[in-house]
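> Need a 3D model of the following:
(4 chains)
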There are 2 protein chains.
Amino acid sequence: MSSGSDQQDIKREKILDAAYQRFLHYGYSKTTMNEIASDLSLSKALLYYYFPDKSQLYIAVMRKLAGEYIDNLQNKLNKFENLKEAYVSQIDIKHDFIVKNYNFFDFFRVNEQNLPETIWEIITEIHQTEMVLLSAAIKTEVEKGNIKPVNDPGEIVDLLLDALHGVSVSAVSHKKVMFPKKEHLDEIHTKRLLLLDIFIKGLMY
Amino acid sequence: MSSGSDQQDIKREKILDAAYQRFLHYGYSKTTMNEIASDLSLSKALLYYYFPDKSQLYIAVMRKLAGEYIDNLQNKLNKFENLKEAYVSQIDIKHDFIVKNYNFFDFFRVNEQNLPETIWEIITEIHQTEMVLLSAAIKTEVEKGNIKPVNDPGEIVDLLLDALHGVSVSAVSHKKVMFPKKEHLDEIHTKRLLLLDIFIKGLMY
DNA sequence: TTACTGACTATTTAAACAAAATTATCAAAA
DNA sequence: TTTTGATAATTTTGTTTAAATAGTCAGTAA
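Numbering: from 1, shown residues only, chains lettered A, B, ... in the order given. As a prediction, the model looks like this:
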């Protein structure tokens, strides 16, 4: 798939790492290509040899993170005891992902409405993976006879993901925010587990 | 409570109506005080005789709408057959409220992050009313023995409202939006009813 | 030929300013 | 007490300029 040499791939990775650190620490708009370059003792021009522009570099980092997240999810959700456990894993893994990379997503808060199309593709890819894995979990449980038959598992999973997401947007108490404040993440996590508990009971006989 | 004369109150109402029409049609930033005044064939200065400034006028309209919404809710939720019916009413009434006044809330989309404190107070008041009514409904049902005992009804209602709200924010499919597009409102409404269904089953024995 | 750089250009952001539109005030009239 | 025309104050919009940063390219080194 990738057409570059091994050497090229290694350097590419190094650039991605350096860029990740900067973006994580200072956010997108507060890191310059010059800074990334000098972190690596390279010229800025070289960054443009490896990446077409700044946003593509950011997106490449994003894509890498997304890949790791997806791998993580797949590993966990391949083997689960019951539906509850599977969904708790999903919530936990996502929580850790957000907490760990919180400042990296600064880009999302700044660009709010008009994120580049490519970012949406990555988000969509993540969402689809979640849908597939969680839908499969439902099907398995239905076959085991642990929950009521469901005619469209995808619809249910979609609904649950929206509901879980809603917990972080809470329109009233902490003033409406698109992206949750860091100090609320744990509270959100707890609420989600409670919501999940009720929701799953609602799926049972 | 109100200290003005009847005549004053009538004129105040007329101004509120005219302002409401303008705000509903053109949104906050696209209606000028001059336009509201000339709709009523009055001088702009008179508006400032009745209202301290433009935002206070908008807020007064908002408060009136909120009052109507709350009355509506209370009338319905005072008499309900079962929990499901009560919550369906809540969702329906809110849906109608949003649909009817959709463009009026343009102000919310524009000011997004920093809405004036007074607006938040109104939102909070609405939320609290919902909480009280819906919590009461839960208590009643628990007493009737229709659902499992709940140690903190408020927590459950809060969670449900957040979850229902999440349905309208759906982070993926239609690009993340703070405020739902008008053409999605019906789809959102349907999803909410489905979510409610599962959630309420999750509260039962 | 591939990886790299210094010096250059192009674009974006920010600050400062002016003009226009709109909000808000007030002395005086009805 | 209610209303207004004239006027002041403020906000928004557009323009210009300077600085910062993104992005390019001809040419060098391995």
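> hmm, the helix or strand residue A:127 falls within in reach of chain B?
For residue A:127, the element it lies in under DSSP states H and E is helix A:117-144. Yes: using C-beta under 8 Å from any C-beta of the partner chain, helix A:117-144 reaches chain B at A:120, A:123, A:124, A:127. To be clear about C-beta, it is placed using only N, CA and C from the backbone, and glycine gets the same treatment.
> Report all helices and strands that that helix contacts.
helix A:54-77, helix A:83-100, helix A:153-167 (3 or more C-beta pairs under 8 Å, 6 or more residues apart in numbering or on different chains; DSSP states H and E).
> mind checking which of the ones you listed is nearest DNA strand C?
The closest of these to DNA strand C is helix A:54-77. By C-beta to the nearest atom of the strand, the value is 10.1 Å.
> So which bits of chain A are right by DNA strand C?
Residues of chain A lying near DNA strand C by C-beta under 7 Å from any atom of the strand: A:4, A:5, A:7, A:8, A:11, A:41, A:42, A:43, A:44, A:45, A:46, A:49.
> elements contacting the helix or strand encompassing the fourth one?
When secondary structure is defined using DSSP H and E, the element that contains residue A:8 is helix A:6-26. Where contact means 3+ C-beta pairs under 8 Å, 6+ apart, helix A:6-26 is packed against helix A:33-39, helix A:44-50, helix A:54-77.
> Give me the packing partners of the last one, helices and strands only.
Helix A:54-77 is packed against helix A:6-26, helix A:33-39, helix A:83-100, helix A:117-144, with contacts defined by 3+ C-beta pairs under 8 Å, 6+ apart.
> Look at residue A:205 and give its secondary structure.
Using DSSP: H, G, I helix; E, B strand; the rest coil as the criterion, the local structure at residue A:205 reads coil.
> Skipping adjacent residues, who's closest to it in space?
residue A:148 (5.8 Å; C-beta to C-beta, 6 or more residues apart in numbering or on different chains).
> re earlier: how about the helices and strands packed on helix A:117-144 in a markdown table, adding mean pLDDT?
Shown next, in a markdown table, are the helices and strands packed on helix A:117-144 (pLDDT from 0 to 100):
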| stretch | mean pLDDT |
| --- | --- |
| helix A:54-77 | 97 |
| helix A:83-100 | 96 |
| helix A:153-167 | 96 |
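> and among the ones you listed, the most buried is which?
Mean neighbour count (mean count of other C-beta atoms under 10 Å in any protein chain shown) peaks for helix A:153-167 among those, with a mean of 21.
> What lies in contact with that helix?
Helix A:153-167 is contacted by residues A:87, A:91, A:127, A:130-131, A:134-135, A:138-139, A:142, A:150, A:188, A:191-192, A:195-196, A:199, A:203, B:159, B:162-167, B:169-171, B:191, B:194-195, B:198 when judged by C-beta atoms under 8 Å, 6 or more residues apart in numbering or on different chains.
> Tell me, domain by domain, which residues of chain A belong where.
A:1-51, A:57-203 (automatic domain parsing).
> and among those, the most buried is which?
Ranked by mean neighbours (mean count of other C-beta under 10 Å), the domains of chain A are led by domain A:57-203, with a mean of 17.
> ok, that one near DNA strand D or not?
No: counting by C-beta under 7 Å from any atom of the strand, DNA strand D has no neighbours in domain A:57-203; the shortest distance is 7.7 Å.
> Would you work out how far apart the start and end of that domain are?
43 Å (C-alpha to C-alpha, to the nearest Å).
> sorry, back to before: out of the helices and strands packed on helix A:117-144, which is closest to residue B:99?
Each of those has some distance to residue B:99 by C-beta to C-beta; the shortest is helix A:153-167, at 19.7 Å.
> just the angle between the closest one and helix A:117-144, please?
Here the directions of helix A:153-167 and helix A:117-144 differ by 120 degrees (axes from the mean of the first three to the mean of the last three C-alpha atoms, to 10 degrees).
> Can you give the contact residues for the helix or strand of chain A with the lowest mean pLDDT?
Across the helices and strands of chain A, mean pLDDT, DSSP states H and E gives its lowest value to helix A:106-111, namely a mean of 83. Contacts to helix A:106-111, defined as C-beta under 8 Å, 6+ apart, come from residues A:23, A:27, A:28, A:29, A:58, A:115, A:119, A:178, A:179.
> does the fourth one sit in a helix, a strand or a coil?
Local secondary structure at residue A:29 is given as coil here, using three-state DSSP.
> Dihedrals phi and psi, it?
phi -70, psi -20 (degrees, to the nearest 10).
> Helix, strand, or coil at residue A:149?
coil.
> OK, contacts around it?
residue A:142.
> Could you check the pLDDT of residue A:120?
Predicted confidence (pLDDT) for residue A:120: 90.
> which residue sits closest to residue A:129, ignoring its sequence neighbours?
Residue A:129's closest residue in space is residue A:70 (C-beta to C-beta, 6+ apart), at 5.0 Å.
> what distance separates the helix holding residue A:127 from the centre of its chain?
Put simply, helix A:117-144 sits 12 Å off its chain's centre (C-alpha atoms, centre = their mean, to the nearest Å).
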